[in-house]
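Participant: With the input below, show me the fold.
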Amino acid sequence: MSDRLLEITFSVEHENCWTNLVGKYVVKTMRFSVDTERDFIRSLIVIDKKYKDLINKIKRNNSFIGYSSINLTSDNKKILFDFRKRYKYSVMDNISSVDGIILDGFKYDGKEYWRVLLYESYINELREKLRSKGNVEFISFQELNITDDELTPYELRTLILAYKNGYFDFPRRIKSDKISKLINISKSTFTYHLRSAESRIIKRYINDLKFYNVVNSGLQQEGEKKDS
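Facilitator: Residues are numbered from 1 along each chain as shown. You can find the predicted model right below:
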């Protein structure tokens, strides 16, 4: 019997980590890299500007090693913090030790939320490793589903042209009949390619949307418990 590759979502809450300092707001990890020889994780995280005090708290945390830069995003509303923390015995170390592949992650209200690919036979081992750190909750398990979500050249051209010409603006700056003439196709053909492109994009990102929605699901469950 083959070992199934699963997409797993779980949360971890543990002390002595900077993630325990995060309040009721989302902190996204945009990119990360691991240097096992020098024992550090380099993370690029995004923080809302009004929660800038978190950066000083991270710097005082025991796992903190140093940072490369602190910059504002182009809209001047968020902070990009490029820093390094210890790798050994981290959640990433635990995931890697059972051959897991990290797909995504974010922090909210003192917890780390992770979406990873893991073979079914390693689930219990990962669970035990994480339990040694603190509170762990496995939120969802599903088989890896490969979908055909790549845009065709026609769909890609139609989507980019529609976006650049303000078709998605409110109010709309151009109508479908006019934009279809720009590429010498009928209005119905333009609409078909655009709707098909939108459908494929939604399929591609739906798992990401579901992942970030686990916080709302948890809050809803807490509310139902209080009402009962």
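Participant: going forward, measure contacts and count neighbours with C-alpha atoms only.
Facilitator: Will do.
Participant: now the helices for this protein?
Facilitator: 53-60, 91-97, 123-131, 153-164, 176-182, 187-212, 214-227 (DSSP state H).
Participant: So which elements touch the first one?
Facilitator: What it means is helix 53-60. With contacts taken as 3 or more C-alpha pairs under 8 Å, 6 or more residues apart in numbering; DSSP states H and E, helix 53-60 sits against strand 64-72.
Participant: what angle do the strand it packs on and helix 53-60 make?
Facilitator: 160 degrees (axes from the mean of the first three to the mean of the last three C-alpha atoms, to 10 degrees).
Participant: My read is that Y119 contacts I8, right?
Facilitator: No - counting by C-alpha atoms under 8 Å, Y119 does not reach I8; the two are 9.7 Å apart.
Participant: deepest of the helices of the chain, which one?
Facilitator: helix 91-97 (a mean of 17; mean count of other C-alpha atoms under 10 Å).
Participant: what mean pLDDT does that one have?
Facilitator: In this model, helix 91-97 carries a mean pLDDT of 96.
Participant: what pairs with the residue nearest to R31 when sequence neighbours are not counted across the strands?
Facilitator: Leaving aside its sequence neighbours, R31 sits nearest to L44 (C-alpha to C-alpha, 6 or more residues apart in numbering; 5.3 Å). Judged by DSSP bridges, the bridge partners of L44 are R31, D82.
Participant: for F40, same thing?
Facilitator: Legend: beta-bridge partners of F40 under DSSP bridges are D35, R86.
Participant: average pLDDT across stretch 37-49?
Facilitator: What stretch 37-49 shows for mean pLDDT is 96.
Participant: For it, could you pull out the residues that count as buried?
Facilitator: Neighbour-count burial for stretch 37-49, counted by 16 or more other C-alpha atoms under 10 Å, picks out F40, I41, R42, S43, L44, I45, V46, I47, D48.
Participant: Quickly check these for the two that are furthest apart.
Facilitator: Taking C-alpha to C-alpha as the measure, these span a maximum distance of 24.7 Å, between F40 and D48.
Participant: Can you lay out the helices of the chain as TSV showing distance to I70?
Facilitator: Below are the helices of the chain laid out as TSV (distance: least, C-alpha to C-alpha, whole Å):
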stretch	distance to I70
helix 53-60	9
helix 91-97	23
helix 123-131	31
helix 153-164	32
helix 176-182	42
helix 187-212	25
helix 214-227	27
